[in-house]
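**Student:** Give me the fold of what follows.
(one chain, ligands or ions: 1)
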Amino acid sequence: MKTQRNIFPVIKNIPAPILILFLFLLFPAGSLPGAENTPPPPGNPLLSPTGNFTFGSESILKACWTEEELQGSPEDKQDRSAPSGSSSPPERTGPKNRRAPLPPELQNSIRSVQPSGGEKILALTFDLCESPGEITGYDAGIVNYLRENGIRATFFMSGRWMRDHPEKALQLMADPLFEIGNHSWSHKNLRKRSPRKIREEILWTQGEYELLRENLAARPCVRNAGETEMDRIPPVPLTFRFPFGTCTPEALKFLAELGLPAIQWSLVPDDRGDDHSSPQIARIILREARPGSIVVLHANGHGYHTAEALPKLIPELRKAGYEFVTVTGLLTRARKVSNFSDCFELKPGDNYRYDFITGVTALVPQR
Ligand SMILES: [Zn+2]
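**Tutor:** Presented below is the predicted three-dimensional model:
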């Protein structure tokens, strides 16, 4: 008690600027009393003091690939059948890098956020799904449009897709516009998998990302790009997305322990297959976009008209004042995160139909 009484005369004698600096060090911005209830950033060591993340390095991108290699080709979009032996596990089944467990506000299944100060920000996300038996494609039209127009986006990669498209995966990882998320190893309905299998689906993909990143780090082109440039590429994917939007409480708990927020979606233009034309996809997004929305699209060739839809919707959203951010950028600038203890497509219970389809995941629509 005596100590507490004696603090105040000490504080009174400290010059005001030093006292303010001390308070800022003690309570980082956002946690100061009276500040908005912003969730802490999800432990990203690359978070800069201005709140901007680094997700890649322009110097590495330029030093390691030619313009032509980055452009890709329309043929990259095609599906192929997987060769025999493609079901083997990855070389690294346990990632070396682990992240801090998630704070409560980032646990459960995240569908959208309320941005701080009502900022008009939204996250475009593109899934790169790949199931056993198939090698899905890479939609160069989508990536090239995003690059040409400086649009930030997030790519959720299944581990098998990464292993089957190592150069494309590395180009996306190295690009500072793009964030990479984990979309499970083999795109199964995780609600129907055992806890051990669920862990494998998550950890194998984290491990595959690390292997690819190490492969890139060892290349001479990276040394030419600059000594510290590799530090700009996150050591592991920072978020996870459940295939089919199906999860279990155990899977959500495991992700929370691993420090991976489960990022689902709030806006589904249903770009899979041929059902929706590009004007329809654009119309749905323009009609339903809200500040804090998470839009789910596909860049594995299964979004038949997605690339054509982008020029129809991006300029309109920009005109309406929207800024495009990655999912981690969205979380960092959130006042409140909208999360649920269950996973679903648009409303609770709407994806239970996937549970009746077993062993044929490649035949049902992918998300
Ligand atoms: Zn998917």
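**Student:** Tell me where this protein has strands.
**Tutor:** 80-81, 109-115, 121-128, 134-135, 153-157, 178-182, 262-263, 294-298, 323-324, 334-340 (DSSP state E).
**Student:** of all of the stretch 101-250 of the chain, which residue lies closest to the ion?
**Tutor:** residue 129 (3.2 Å; CB to the ion). C-betas here are computed from N, CA, C, even on glycine.
**Student:** Identify the residues contacting that residue.
**Tutor:** 136, 158, 161, 183, 187, 243, 298, 300, 302, 366-367 (CB atoms under 8 Å, 6 or more residues apart in numbering).
**Student:** Break the chain down into its domains, please.
**Tutor:** 1-35, 39-363 (automatic domain parsing).
**Student:** Of the strands of the chain, which is nearest residue 283?
**Tutor:** In terms of CB to CB, the element of those nearest to residue 283 is strand 294-298, at 13.3 Å.
**Student:** does the closest one come close to the ion?
**Tutor:** No: using CB under 5 Å from the ion, strand 294-298 never reaches the ion; the gap is at least 7.4 Å.
**Student:** now the angle between strand 121-128 and that strand, please.
**Tutor:** Interaxial angle of strand 294-298 relative to strand 121-128 (axes from the mean of the first three to the mean of the last three CA atoms, to 10 degrees): 30 degrees.
**Student:** Only alpha carbons, please: show strand 294-298 as CSV.
**Tutor:** These are the backbone C-alpha positions of strand 294-298, laid out as CSV (Å, rounded to 0.1, in the frame of the first residue of the first chain):
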residue,chain,number,x,y,z
ILE,A,294,-15.1,-11.7,-47.5
VAL,A,295,-15.7,-12.8,-51.1
VAL,A,296,-15.0,-16.5,-52.1
LEU,A,297,-13.9,-17.1,-55.7
HIS,A,298,-11.8,-19.8,-57.4
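**Student:** which residues touch it?
**Tutor:** In contact with strand 294-298 (CB under 8 Å, 6+ apart) are residues 110-112, 122-129, 139, 142, 263-269, 271-272, 285, 289, 303, 306, 327, 330, 366-367.
**Student:** neighbours around residue 317, how many?
**Tutor:** 20 (other CB atoms under 10 Å).
**Student:** Could I get the pLDDT score of the closest residue in space to it that isn't next to it in sequence?
**Tutor:** Spatial nearest neighbour of residue 317, excluding adjacent residues (CB to CB, 6 or more residues apart in numbering): residue 289 at 6.2 Å. Looking at residue 289, its pLDDT reads 98.
**Student:** before we move on, what about residue 24?
**Tutor:** pLDDT at residue 24 comes out at 35.
**Student:** Same question for residue 232.
**Tutor:** Looking at residue 232, the pLDDT reads 93.
**Student:** circling back to that earlier point, put together a markdown table for the strands of the chain, with mean neighbour count and mean pLDDT on each row.
**Tutor:** Output for these, formatted as a markdown table (neighbours: other CB atoms under 10 Å; pLDDT from 0 to 100):
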| stretch | mean neighbour count | mean pLDDT |
| --- | --- | --- |
| strand 80-81 | 10 | 88 |
| strand 109-115 | 22 | 95 |
| strand 121-128 | 26 | 98 |
| strand 134-135 | 20 | 94 |
| strand 153-157 | 28 | 98 |
| strand 178-182 | 26 | 97 |
| strand 262-263 | 28 | 97 |
| strand 294-298 | 25 | 98 |
| strand 323-324 | 19 | 97 |
| strand 334-340 | 18 | 91 |
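**Student:** mind putting those strands in JSON lines, distance to residue 281 included?
**Tutor:** Below are the strands of the chain laid out as JSON lines (distance: least, CB to CB, whole Å):
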{"stretch": "strand 80-81", "distance to residue 281": "25"}
{"stretch": "strand 109-115", "distance to residue 281": "19"}
{"stretch": "strand 121-128", "distance to residue 281": "12"}
{"stretch": "strand 134-135", "distance to residue 281": "23"}
{"stretch": "strand 153-157", "distance to residue 281": "15"}
{"stretch": "strand 178-182", "distance to residue 281": "20"}
{"stretch": "strand 262-263", "distance to residue 281": "20"}
{"stretch": "strand 294-298", "distance to residue 281": "8"}
{"stretch": "strand 323-324", "distance to residue 281": "16"}
{"stretch": "strand 334-340", "distance to residue 281": "23"}
